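Undergrad: Quick one, structure for this:
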Amino acid sequence: MRRRESTGQLAIRSRGAAGSRYDTGHDTGRAGFRPGGRDTSSPYGARCGSQDRAIPPGSSRDLLCGCISGSRVDLLAQDKLWSPAGIPAFHPALSRDDVEHDKPHPAALEAIARKWNQQLGSGLLMVGDSPSNDIGFGKAAGVSTALVDPRRRFRDGDSSYGADVVIDSLLELPQLLWKTFDIPGPLGSTSAQTLARKSEPLPETAACRAAVDGDIAALKAMAREDLLAADSSGNTPLVWAADAGKADAVESLLAAGVEVNVKGYLGNTAVSRACRRGHDSVLRVLLRSGTGVDLDEPNEKMQSPLHFAAFKQKTEAVKLMLAAGASTTSLDRKGRTPAEDTSDPNIRELILQARASL
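TA: Next up, the predicted model:
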C-alpha cells in the first residue's frame, strides 16, 4: 500500500476474481474506506469505517464496513431497515457510547483501525458531509479525507477543513478512487495494461452456427444438450443468436428451455450482446421472455448491459433497458455509472432522468 505522490491520496488494495457486480444504490451517507476487506472481484471492494451508515444500499455486498453512529438505538434502527434487504452488517458497529471521546477526537477511528489490525494513516479514507465533525475527525486521525458537499457550501477558502477531495455525491466516489488512487488487482487501475483486446471469436458448433444463421429448422431438430452447449469461446447458441441479431432464433432457443442468463465470451450474457450491438428486436424478446432475465449481470470487466448500450450509443436499447428497470447506478471497473460511460448527451439525460424518478 502506498500514497501516490502526485495526488497525495491513498492506495486501495482489493482481491478476488473478475465479474462481480457493484452498485452504488442511493446517494446517502458517509464512509471511511480502508484497503483490503474480504475477497471481492470489485476493484472498489474495500473495508470501510463509517460515520452514520456510510455505504448506500446496493453497494455493501462488496464491502466490509465499520460504523460509528450517534447511539446504539440508531444502530439498531438502521440494522432493522438494512437486514431485510440482505445488506451485510457493518463491522465493527460502534456508537458514541463505545468510545471514550466524541468527535473530532479520533478515538472511534482508532478503535476501527485496531479491529482491522491497521495503522492510522493515508491508507484509510474518511468520507463525510460535515467539514468540522467528519473532515476534522479524519484529519485528527491522520487519515485521508473526502467531503460530500451536495449543496456546494464548502468550496471556498478553508471551509472544507482541508479535505483531500470534495465531491457532490457518493456516486462520484468510486470513479474518483479509480482516477486518483492506486488500485491493484485483476481489474484495478494498476493492471489496466493487462486488459488487452482480444480477437472476436467465431461460432464453432453446429448449433452455434445455426443460431448465427437464424436457421430455426436446424435448431429445432437438435437435441437440447446441443442447444445448451458452449463452444470454445464460451458462447452458447443463445448468446450467438443475440449477438447476430436473430430474434426468431432467440425466441426458439428460449422456448426450448435454454438458460437466459448464461455467460459467454468475456462473461457477456445474451442481454449484454444485444445491448452492445443495438439489436432491439432481440432485446425485446429477451425482456418479455418471462424467464428471469438478469438486467444488470456484469461481464468480466464489470460492464453491465446498460453500460454497453450507453457506451455504444444505442438509444433504443437504453430506453428498453430503463423501461425494464435496469440499474442506473451500477459501476464498471473504473467506477463509472452508465450515464458517465457515454459520450451521447441525450442518452446521459435519459439515464439521469430515470435515476431521478426512482
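
Undergrad: which residues touch stretch 269-277?
TA: Stretch 269-277 has contacts (CB atoms under 8 Å, 6 or more residues apart in numbering) with 238-239, 241-243, 245, 250, 260-264, 268, 279-280, 282-283, 286-287, 293-295, 297, 299, 303-306, 308-309, 312, 314, 317, 321. To be clear about C-beta, it is placed using only N, CA and C from the backbone, and glycine gets the same treatment.

Undergrad: So which of these belong to strands?
TA: Counting by DSSP state E, no part of these is found in strands.

Undergrad: Check what pLDDT Tyr161 gets.
TA: Tyr161 is assigned 84 on the pLDDT scale.

Undergrad: what secondary structure does it sit in?
TA: coil (DSSP: H, G, I helix; E, B strand; the rest coil).

Undergrad: burial count for it?
TA: The number of residues packed around Tyr161, counting by other CB atoms under 10 Å, is 19.

Undergrad: Could you double-check that it sits in contact with Ile135?
TA: Yes: between Tyr161 and Ile135 there is a contact at 4.1 Å, judged by CB atoms under 8 Å.

Undergrad: intersection of neighbour lists for those two?
TA: Common neighbours of Tyr161 and Ile135, counting by CB under 8 Å, 6+ apart, are Leu147.

Undergrad: returning to what we had before: which of the contacts of stretch 269-277 fall within helices?
TA: 238-239, 241-243, 250, 280, 282-283, 286-287, 305-306, 308-309, 317, 321 (DSSP state H).

Undergrad: Can you list the low-confidence ranges for this protein?
TA: Residue ranges of the chain with pLDDT under 70: 1-79, 82, 86-90, 183-186, 189-197.

Undergrad: please redo it, this time with the cut-off set to 50
TA: Where the chain drops to pLDDT under 50, the residues are 1-64.

Undergrad: Tell me which stretches of it form strands.
TA: Using DSSP E, the strands of the chain run over 32-34, 47-51, 64-69, 93-95, 125-128, 144-148, 165-167.

Undergrad: Next, count neighbours for Glu200.
TA: Glu200: 8 neighbours (other CB under 10 Å).

Undergrad: for Asp248, that is, sorry about that
TA: 15.

Undergrad: ditto for Glu225
TA: A count of neighbours around Glu225, defined by other CB under 10 Å, yields 8.

Undergrad: now swap in Leu120 and tell me
TA: Leu120 has 18 nearby residues by other CB under 10 Å.

Undergrad: so how far is Ser95 from it?
TA: Leu120 sits 20 Å away from Ser95, going by CB to CB, to the nearest Å.

Undergrad: What of Lys312?
TA: Lys312 is 48 Å from Ser95, by CB to CB.

Undergrad: cool, Ser169 as well?
TA: 26 Å.

Undergrad: Those two: which is more packed in?
TA: Using other CB under 10 Å as the criterion, Ser169 and Ser95 rank with Ser95 on top: 17 against 13.

Undergrad: now do the same end-to-end measure for stretch 121-134.
TA: With CA to CA, to the nearest Å as the measure, the ends of stretch 121-134 fall 16 Å from one another.
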